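*Asks:* Sequence first, then the predicted structure:
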Amino acid sequence: MIILTSIQKNIFFVLISLLLSYSITAQNNKALIDSLEKLTLTQKDTDLIKTYNELTWQYRTVSSEKAIDYGNKALELGIKTGFNKGIAQAYNDLGILYYDKQDNAKALELYHQSLSIRMKMGDKKGVAGIYSKIGVMFQKKGDYVTALENQQKALKMYEDIKNDYGISYALNNIAILSYDIGNYEDALKYNLKSAELKEKIGDKLGLSGSYVNIANIYFSKKEFEKAIDYNLRALEICRKLGDKEYLSATLNNLSSAYLNKNNLTEALKCAEESYQLRKELDDKKAMISCLVNMANIYLKLKQPETAFDKLNEALALSKQSHALPEMPSLYGTYTEYYESKSDLKKALEYQKLQFSYRDSVLNEDLNSKITEMNTKYETEKKERALIENKFELTNKELELNQQKTERNILVISIIVLLLLSYLFYSRYLFKQKMIFNKAIMKQQDLRSKAIVEAEENERKRIARELHDGLGQQLSAVKLNMSSVSS
């Protein structure tokens, strides 16, 4: 809140301070460029390639022509010496330069060339960075599905190498994509995760970006007080860092929040400052957003003709750049202008254009596709720990995996051993039972034979006794008969 009071009391002083900080930054940048260019006179091979690449980057905001020239020098010497790292970096930086020039086809070609080399080198961090840049490029074109696919690839790789900085920005980009399709809950979730990581690693500039994104979500949910609060947090950081791009975005968003709270004076100040910064950056798409904001403010101030001028300026800029995401808002404000003029025919005409462009940006099944992709990513993330990456694991990871494997093998071996022991013991018991049963049967057989034999002997004995008794009787009869005859 202190910063807001300062702006209200002395906006001119703030602007002068910003211009001074930009001047100092430019001077420092020039001094660095001069030093690097002197180095090129004494260097050769890989050292010279690295300096060429650094000059490519330093010239990016000074002279795109010189930046491209140094990028090509780095590329040519890199190919000649076979320095793949330098070649990949040159392709990467040249891709960014052509993206700045809005030559998306050339930028994509250069990104893919860098990607191919970095994949062969096993440079996971570099590969993730390329995927992220490709994702941003498709996001700007309004191709949210392709953008999300690339951002998810980047996030996976950053998570694999535990790169918190990369993770935070991949989460940030996915959050922006979720926001663009109207999935505010996912957008808020990913932005809060990103902000937490950025605060942890001390990335102040990135943290301000997350605050702006969170403010946008609350704005879309019509929670304007929270939107203003988070924009002011971001503004405080941006003022200190002096970053034009982030500062302009924060001011424009703060303007929209103030507009919806009917604080039109502050809304207009923020929008105008944002527009001037974006004009310096030559960011035509962003300038359109500022102009639409100003047009809405002037409509509320009952100055429709000034609003109409701002809209026409925005429309002219849209024809110079592929500004598809900005068009629904632009035509929606045209609709409001013609309604204020009671020209219902024109209002209806622009409303149709608004809906037409909105359908072009977000077709009916896009939201479901994005949701499905996010769900798929979360599922794959849980399973990813079980799948071996195509890149070589670090020694520590390999050791941990080996220990885990050995532990699993030991556990499985014990289980198998116990199972085999159980099977052998069960088989032993079965055999003993068979032997026992066989012995029992043998005993029963012997007993049966003994009983039969005993019965047979008894019959013989009885027969013998009967025979002996009959003999005696016959002898007695014989004696008796002898007695009679004598």
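*Replies:* That came through fine. Residues are numbered from 1 along each chain as shown.

*Asks:* Going along the chain, name the strands of the stretch 101-250 of the chain.
*Replies:* In the stretch 101-250 of the chain, no strands are found when defined by DSSP state E, counting those that start in this stretch.

*Asks:* what element comes up after the lowest-mean-pLDDT helix or strand in the chain heading to the C-terminus?
*Replies:* When the helices and strands of the chain are compared on mean pLDDT, DSSP states H and E, helix 2-39 comes out lowest with a mean of 50. Next helix or strand after helix 2-39 toward the C-terminus (DSSP states H and E): helix 45-58.

*Asks:* distance between that following helix and the chain's centre?
*Replies:* Distance of helix 45-58 from its chain centroid, counting by C-alpha atoms, centre = their mean, to the nearest Å, is 32 Å.

*Asks:* so what does it touch, helix or strand wise?
*Replies:* Helices and strands touching helix 45-58, by 3 or more C-beta pairs under 8 Å, 6 or more residues apart in numbering; DSSP states H and E, are helix 2-39, helix 64-81, helix 84-100. No exception for glycine: its C-beta is placed from N, CA and C like everyone else's.

*Asks:* got the CA positions of that helix in CSV?
*Replies:* Listed next in CSV are the C-alpha coordinates belonging to helix 45-58 (Å, rounded to 0.1, in the frame of the first residue of the first chain):
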residue,chain,number,x,y,z
ASP,A,45,37.8,-22.0,-31.2
THR,A,46,35.5,-22.9,-28.2
ASP,A,47,36.3,-19.8,-26.2
LEU,A,48,35.5,-17.6,-29.2
ILE,A,49,32.2,-19.5,-29.8
LYS,A,50,31.2,-18.9,-26.2
THR,A,51,31.9,-15.2,-26.5
TYR,A,52,30.0,-15.0,-29.8
ASN,A,53,27.0,-16.6,-28.1
GLU,A,54,27.2,-14.2,-25.2
LEU,A,55,27.3,-11.3,-27.6
THR,A,56,24.2,-12.7,-29.4
TRP,A,57,22.3,-12.5,-26.1
GLN,A,58,23.6,-9.1,-25.0
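
*Asks:* Tell me which residues of it come out buried.
*Replies:* 48-58 (16 or more other C-beta atoms under 10 Å).

*Asks:* any idea of the mean pLDDT in it?
*Replies:* Helix 45-58 shows a mean pLDDT of 92 in the predicted model.

*Asks:* got it, and stretch 182-190?
*Replies:* For stretch 182-190, the per-residue pLDDT averages 91.

*Asks:* Just the buried residues of it, please?
*Replies:* Under the neighbour-count criterion of 16+ other C-beta under 10 Å, stretch 182-190 has 183, 186-190 buried.

*Asks:* Is it possible to get CSV of those residues that adds distance to Lys80?
*Replies:* What follows is the buried residues of stretch 182-190, written out as CSV (distance: C-beta to C-beta, whole Å):
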residue, distance to Lys80
Asn183, 49
Asp186, 48
Ala187, 47
Leu188, 50
Lys189, 49
Tyr190, 44
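
*Asks:* Could you list which residues are in contact with Thr61?
*Replies:* Residues in contact with Thr61, defined by C-beta atoms under 8 Å, 6 or more residues apart in numbering, are Asn29.

*Asks:* make that Ile217, sorry
*Replies:* Contacts of Ile217 (C-beta under 8 Å, 6+ apart): 179, 184, 187-188, 191.

*Asks:* Which pair of those spans the longest distance?
*Replies:* The most widely separated members of the contacts of Ile217 are Tyr184 and Asn191, with 10.1 Å between them, by C-beta to C-beta.

*Asks:* Okay, Leu94 and Arg278: tell me how far apart.
*Replies:* 24 Å (C-beta to C-beta, to the nearest Å).

*Asks:* what does Leu353 give?
*Replies:* Using C-beta to C-beta, one obtains 24 Å as the distance from Leu353 to Arg278.

*Asks:* which one of the two has more residues nearby?
*Replies:* Arg278 (25 against 17; other C-beta atoms under 10 Å).

*Asks:* where's that one relative to Leu291, distance?
*Replies:* Computed as C-beta to C-beta, the Arg278 to Leu291 distance reads 10 Å.

*Asks:* do the same with Ala257
*Replies:* Separation of Ala257 from Leu291 (C-beta to C-beta): 18 Å.

*Asks:* ok, now Glu272?
*Replies:* From Glu272 to Leu291 the distance is 10 Å (C-beta to C-beta).

*Asks:* Next, show the common contact partners of the two.
*Replies:* Counting by C-beta under 8 Å, 6+ apart, Glu272 and Leu291 have no contacts in common.

*Asks:* okay, the two: which has more neighbours?
*Replies:* Of the pair Glu272 and Leu291, Leu291 is the one with more neighbours under other C-beta under 10 Å, namely 27 against 17.

*Asks:* what secondary structure does that one sit in?
*Replies:* helix (DSSP: H, G, I helix; E, B strand; the rest coil).

*Asks:* In this structure it contacts Leu315, no?
*Replies:* No: Leu291 is beyond contact range of Leu315, at 9.0 Å (criterion: C-beta atoms under 8 Å).

*Asks:* Spit out the contact partners of the closest residue to Glu54 other than its chain neighbours.
*Replies:* In this structure, Glu54 finds its nearest non-sequential neighbour in Leu36, 5.8 Å apart by C-beta to C-beta, 6 or more residues apart in numbering. Neighbouring residues of Leu36 by C-beta under 8 Å, 6+ apart: 51, 54-55, 58.

*Asks:* so can I have CSV of these showing distance to Leu419?
*Replies:* Shown next, in CSV, are those (distance: C-beta to C-beta, whole Å):
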residue, distance to Leu419
Thr51, 66
Glu54, 64
Leu55, 68
Gln58, 68
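
*Asks:* For Ser114, state which of those residues is nearest.
*Replies:* Closest approach between these and Ser114, by C-beta to C-beta: Glu54, at 16.4 Å.

*Asks:* Okay, Arg278 and Lys141: tell me how far apart.
*Replies:* From Arg278 to Lys141 the distance is 19 Å (C-beta to C-beta).

*Asks:* Give me the subset of the contacts of Ile217 lying in helices.
*Replies:* The helices, defined by DSSP state H, take in 179, 184, 187-188, 191 from the contacts of Ile217.

*Asks:* Give me the number of neighbouring residues for Asn457.
*Replies:* Using other C-beta under 10 Å: Asn457 sits among 10 other residues.

*Asks:* hmm, I was thinking of Ile68
*Replies:* Using other C-beta under 10 Å, Ile68 has 18 other residues around it.

*Asks:* Can you name the residues that contact it?
*Replies:* Neighbour list for Ile68: 56, 94, 97 [criterion: C-beta under 8 Å, 6+ apart].

*Asks:* Count the residues that sit near Leu192.
*Replies:* That count, for Leu192 with other C-beta under 10 Å as the rule, works out to 16.

*Asks:* now Tyr179
*Replies:* Tyr179 sits with 20 neighbouring residues when counted by other C-beta under 10 Å.
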